[in-house]
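Peer 1: Predicted model follows, preceded by the sequence.
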Amino acid sequence: MRVVLGVTGGIAAYKAPELVRRLKDAGADVRVILTPNAARFVSPLSLAAVSEHGVIVDQWGDPERGGVDHIELARWAELLLIAPATANMLAKLAVGIADDALSTYAIAHRGPLMVAPAMNTFMLAHPTVQSNVETLRARGVTIIEPDSGLLACGDEGAGRLPDVPLIIERVRAQFGTRDLEGKRVLVTAGPTREAIDPVRYISNRSSGKMGYAIAEAARRRGAIVTLVSGPTSLPAPPVEVIRVTSAQEMRDAVMNGTHDIVIKAAAVADFAPVEVAATKIKKQEGVDELTITLRKTPDILAELSAKSPRPFIVAFAAETHAVEQHAREKLQRKGADLIVANDVSDASIGFDSGENEVLVIAKDGSATRIAKAPKSVIADRILDLCVGLNASDRHETS
Ligand code: PMT
């Protein structure tokens, strides 16, 4: 487990060295980011000693080392835990202010975020603070509720950072799920590109973020993951990655294997040019129109559903209107076990966004709405639903 611990400037920051030590006892590798105010309460040196790594306080990193610390760290981390989190940090996280090393890192971070608010009880009860906590919770952030008792300032009430073992328990719960241990999960992600000539192609706006998040979540839950990826600019998670370009190549990669679960988050082109010009198509004097004849690409999902035995199949539906109705039709037509519908007319979710909001419909007609959240959170919820339907036993029994 690779944890970035963010510490902000509250009296409870004194617990940070113990938190690092206990995280390490639980098997975590821990890197620490302190806000400059936290560094008034706890010394970077003691945290460096206990974590056995350098501690980041300065947003601008070390110019000698080159590279940008927060981006490098985001490639490495599996969890960001902010404890204690002050009212100021909650506000920054809620609206996306990035003006110190920790708040900047929080925006670069891709995995789950756990936040332990700790402050004076009246500050905690302030409507702004409460509304920021609710904003974060709605976004899928795990809030570790503060304890009640006598506070350092002499007031009594809620606001204390929970005891370190309790925080460790929450972190373990987040990471303890190995419910896909040993299961073979194939995930498709990203767009396909259908060539017109050597320099042009037909494609779509898929970034691959949704599929990559699912691949990473399945890996963390113990699955043996194969990621079949169309062209994307995302860093590959530590799983087997098969890179493909066209729908035909994606079909070959998907059909060529035995898996327990197949999750098809890729946006596969439905049509491809019948002929691919061998050389770049040139403009011709007096010719104002160009006709390209397209042919249907292989329907990977339908072909996979017809296989026997076949894996548990999760389809996606990218819709711009009548989302639920179209998704239900697609679920039937394609013969999948679950379909994850997203409204791609909403620019804040779906294609190339960090977040998504989906309706997951099962074969028996039941539907689960997953509220807007980072794709990493949506990924875990989709896997929860697969596990709930015994997806991983499916291909042995069918
Ligand atoms: O990649 P991101 O930027 O993170 O965006 C995520 C996403 C919007 C691409 C993703 O959430 C999503 O909706 N993926 C499915 C997009 C899509 O192609 O939907 P569709 O409704 O056209 O296709 C339905 C299903 O059939 C999909 O599971 C698709 O993978 C599959 N399909 C489509 C065509 C084809 N020839 N073969 C297929 O198997």
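Peer 2: Looks like it came in fine. Numbering: from 1, shown residues only.
Peer 1: Wasn't Arg219 part of a strand?
Peer 2: No - checked against DSSP: H, G, I helix; E, B strand; the rest coil, Arg219 lies outside a strand; its state is helix.
Peer 1: contacting residues for Lys92?
Peer 2: For Lys92, the contacting residues are 98-99, 103, 106, by Cβ atoms under 8 Å, 6 or more residues apart in numbering. (Each C-beta comes from the backbone N, C-alpha and C, glycine too.)
Peer 1: Can you tell me which of those comes closest to the ligand?
Peer 2: Ala106 (20.5 Å; Cβ to the nearest ligand atom).
Peer 1: Among the contacts of Lys92, name the buried ones.
Peer 2: The neighbour count (16 or more other Cβ atoms under 10 Å) marks 98, 103, 106 as buried among these.
Peer 1: State the number of residues packed around the nearest residue to Gly54 once chain neighbours are set aside.
Peer 2: Closest residue to Gly54 in three dimensions, ignoring its sequence neighbours and counting by Cβ to Cβ, 6 or more residues apart in numbering: Ala48, at 5.9 Å. As a burial measure, Ala48 scores 14 neighbours (other Cβ atoms under 10 Å).
Peer 1: hang on, Ala48 packs against Val42?
Peer 2: No - counting by Cβ atoms under 8 Å, Ala48 does not reach Val42; the two are 11.2 Å apart.
Peer 1: Can you name the residues of the protein sitting close to the ligand?
Peer 2: By Cβ under 6 Å from any ligand atom, the part of the chain that sits against the ligand consists of 188, 190, 206-210, 247, 264-268, 270, 297-301, 315-318, 330, 342, 344, 350-352.
Peer 1: of those residues, buried ones?
Peer 2: Buried, going by 16+ other Cβ under 10 Å: 188, 190, 206-210, 247, 264-268, 297-301, 315-318, 330, 342, 344, 350-351, out of the residues of the chain next to the ligand.
Peer 1: measure Ile378 to Ala218 for me?
Peer 2: Ile378 is 13 Å from Ala218, where distance means Cβ to Cβ, to the nearest Å.
Peer 1: Next: Arg21.
Peer 2: From Arg21 over to Ala218 (counting by Cβ to Cβ), the distance is 31 Å.
Peer 1: Please name the bridge partners of Thr368.
Peer 2: The partner list for Thr368 in beta bridges (DSSP bridges) reads Val360.
Peer 1: what residues are up against it?
Peer 2: Contacts for Thr368 (Cβ under 8 Å, 6+ apart) come out as 359-360, 385.
Peer 1: And stretch 138-148, end to end?
Peer 2: One end of stretch 138-148 sits 23 Å from the other (Cα to Cα, to the nearest Å).
Peer 1: Offset the numbering so it begins at 605, please.
Peer 2: Let's use 605 as the start, then, which means that last one is stretch 742-752.
Peer 1: ok, Ile982 and Ala822, which is more surrounded?
Peer 2: Ala822 (29 against 26).
Peer 1: Rounded mean pLDDT for whichever strand or helix holds Lys696, please.
Peer 2: Using DSSP states H and E, Lys696 falls within helix 691-699. The average pLDDT for helix 691-699 rounds to 97.
Peer 1: how about that helix: buried residues?
Peer 2: Buried positions in helix 691-699, judged by neighbour count with 16+ other Cβ under 10 Å: 691-698.
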